[in-house]
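[1] generate a structure from the sequence data that follows.
(one chain, ligands or ions: 1)
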Amino acid sequence: MTGTVPNATTPAGLIRLCNAFCDAKALITAVELDLFTVLHDDPATEDQIRDRLRLHGRGLRDYLHLLVALGLLEKDGDRYRNAAGADQYLVSHQPTFIGGFVRRAGTNLYPAWGRLTEALRTGAPQTGSDYEQVIRDPGVLGQFVRMMDGLTQVLGPQLIEAFDGWPAGGSVLDVGGCRGNIAGQIVKAHPGLTGHVFDLPQMGPFFTEHMAALGLTGQVHFHGGNFFHDPLPEADVVILGHVLHDFDPGRRKFLLGKAGAAVKPGGSLLVYDRMLEGEPPQVENLVISLDMLLVSDGGSEYPAGEVHENATAGGLTVVEDRKLGDFDTLVVLRKD
Ligand SMILES: C[S@@+](CC[C@H](N)C(=O)[O-])C[C@H]1O[C@@H](n2cnc3c(N)ncnc32)[C@H](O)[C@@H]1O
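    Model (predicted):
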């Protein structure tokens, strides 16, 4: 998949580009209403959808037609049903559900992007709440956790496939591993491995609940702490994924050095993020980098070269850079 943008050389193309936020909001609203779950087993007419979702009815036909035009619904006679992608990824009780990302985008990123001008003028984050506030409120943290699950659900199998050095009977540590969704997938794919997750202590209850749901209690261990202040456990493979971009270059260097130091001799450090490669970099990755402008204090995406420089200074060797899924870059580093 490549980022596609409307033709910006014509007035019509510019207006389409200007209205692209409407497409995003149409998707976010459908997930907020849980429309795709409602239609999963039971395609419905406009009136049935109005009743099931308790909507007013005004605008509904246009809205449903917009979702058809966006490829999210299909219309069969007078009934609407989920298109294949929506049915696979946006039905809330499915294990492949990525709607946690969409919901959190609706509550956090969507309003923050409304303040992009302000962010560019001041350099200041625009969400009005920092991550410490997110972590303090279990309801908001739950939303964040589901957003991360939405991404790692897709990324996990790609990471497992991309790296061929999972050590039989060894250990893997996911630093900033959230509630263990990636670590859990790795241990399921390589049952001899012991999994470890290091994250803020407030993530502990979410981790315990998730491991029980995955049937992995006792096979993946949680280490609560602050990775800027507390020691990391050692492991054969250490992962740092979608973590460095939350921080400024100085803190990225510190954290990479600390993760490298936690790798056992002969082991590997895996770093992945929406790294900025090419001139100009991919649209999708620039968008995520600007997300970081809007939601973090100093964070941004960065080129793989920055990881190389900091890691080699810490005594690691670069093995390779490779694509991970559509947008991420994985840097594989080795410690001799
Ligand atoms: C953007 S998420 C990345 C989740 C996952 N690794 C992924 O690939 O998507 C960043 C994670 O780092 C954790 N985190 C942020 N600051 C932290 C800190 N100071 N110490 C430990 N964990 C932290 C967050 O709680 C969150 O789970």
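[2] and the chain, which residues reach the ligand?
    Proximity of the chain to the ligand (Cβ under 6 Å from any ligand atom) is limited to residues 148, 151-152, 176-178, 182, 199-200, 203, 226-228, 241-243. The way it works is simple: take the backbone N, C-alpha and C, and place the C-beta from them, glycine included.
[3] and whichever residue of the stretch 101-250 of the chain sits closest to the ligand, what does it touch?
    Across the stretch 101-250 of the chain, the shortest distance to the ligand (Cβ to the nearest ligand atom) belongs to Gly176, at 2.9 Å. Going by Cβ atoms under 8 Å, 6 or more residues apart in numbering, Gly176 touches Phe198, Asp199, Phe227, Leu240, Gly241, His242, Val243.
[4] direction included, what does the host helix or strand of the fourth one pair against?
    When secondary structure is defined by DSSP states H and E, Leu240 falls within strand 235-241. Listed by DSSP bridges, the sheet partners of strand 235-241 and their directions read strand 171-175 (parallel), strand 263-273 (parallel).
[5] point out the most buried one among those.
    Comparing the strands paired with strand 235-241 by mean neighbour count (mean count of other Cβ atoms under 10 Å), strand 171-175 comes out on top with a mean of 25.
[6] C-alpha coordinates for it, PDB please?
    Coordinates of the C-alpha atoms in strand 171-175 are reproduced here as PDB (Å, rounded to 0.1, in the frame of the first residue of the first chain):
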ATOM      1  CA  SER A 171      14.100 -14.900  26.600                       C
ATOM      2  CA  VAL A 172      12.500 -11.900  24.900                       C
ATOM      3  CA  LEU A 173      11.900  -8.500  26.500                       C
ATOM      4  CA  ASP A 174       9.500  -5.900  25.100                       C
ATOM      5  CA  VAL A 175      10.400  -2.500  26.500                       C
END
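[7] can I get the helix or strand following it in CSV, CA atoms only?
    Next helix or strand after strand 171-175 toward the C-terminus (DSSP H and E): helix 181-189. Extracted C-alpha coordinates of helix 181-189, given in CSV (Å, rounded to 0.1, in the frame of the first residue of the first chain):
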residue,chain,number,x,y,z
ASN,A,181,0.2,-8.0,23.0
ILE,A,182,3.4,-8.4,20.9
ALA,A,183,5.3,-10.5,23.6
GLY,A,184,2.2,-12.8,23.8
GLN,A,185,2.2,-13.3,20.1
ILE,A,186,5.9,-14.1,20.0
VAL,A,187,5.7,-16.6,22.8
LYS,A,188,2.7,-18.3,21.2
ALA,A,189,4.7,-18.6,17.9
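[8] so which elements touch the next helix or strand after helix 181-189?
    Per DSSP H and E, the first helix or strand lying C-terminal to helix 181-189 is strand 194-199. In terms of contacts (3 or more Cβ pairs under 8 Å, 6 or more residues apart in numbering; DSSP states H and E), strand 194-199 is packed against strand 171-175, helix 181-189, strand 220-224.
[9] turn the ones you listed into JSON lines, including mean pLDDT and distance to Phe327.
    Converted to JSON lines, those look like this (pLDDT from 0 to 100; distance: least, Cβ to Cβ, whole Å):
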{"stretch": "strand 171-175", "mean pLDDT": "98", "distance to Phe327": "20"}
{"stretch": "helix 181-189", "mean pLDDT": "97", "distance to Phe327": "16"}
{"stretch": "strand 220-224", "mean pLDDT": "98", "distance to Phe327": "26"}
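[10] reformat the ones you listed as CSV; add distance to Val102.
    Shown next, in CSV, are the helices and strands packed on strand 194-199 (distance: least, Cβ to Cβ, whole Å):
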stretch, distance to Val102
strand 171-175, 24
helix 181-189, 17
strand 220-224, 27
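[11] of all the ones you listed, which one comes closest to Trp113?
    For the helices and strands packed on strand 194-199, the distance to Trp113 is smallest for helix 181-189, at 25.9 Å, taking Cβ to Cβ.
[12] quick one: buried residues of that closest one?
    Buried residues in helix 181-189, counting neighbours by 16 or more other Cβ atoms under 10 Å, are found at Asn181, Ile182, Ala183, Gly184, Gln185, Ile186, Val187, Lys188.
[13] could you tell me the angle between that helix and strand 263-273?
    120 degrees (axes from the mean of the first three to the mean of the last three Cα atoms, to 10 degrees).
[14] what packs against helix 181-189?
    Using 3+ Cβ pairs under 8 Å, 6+ apart, helix 181-189 sits against helix 138-162, strand 171-175, strand 194-199, helix 204-214, strand 220-224, strand 235-241.
[15] Arg16: which of these is closest?
    helix 138-162 (27.1 Å).
[16] how distant is the closest one from the center of its chain?
    Computed by Cα atoms, centre = their mean, to the nearest Å, the separation of helix 138-162 from the middle of its chain amounts to 6 Å.
[17] try stretch 254-264
    On the basis of Cα atoms, centre = their mean, stretch 254-264 sits 22 Å off its chain's mean C-alpha point.
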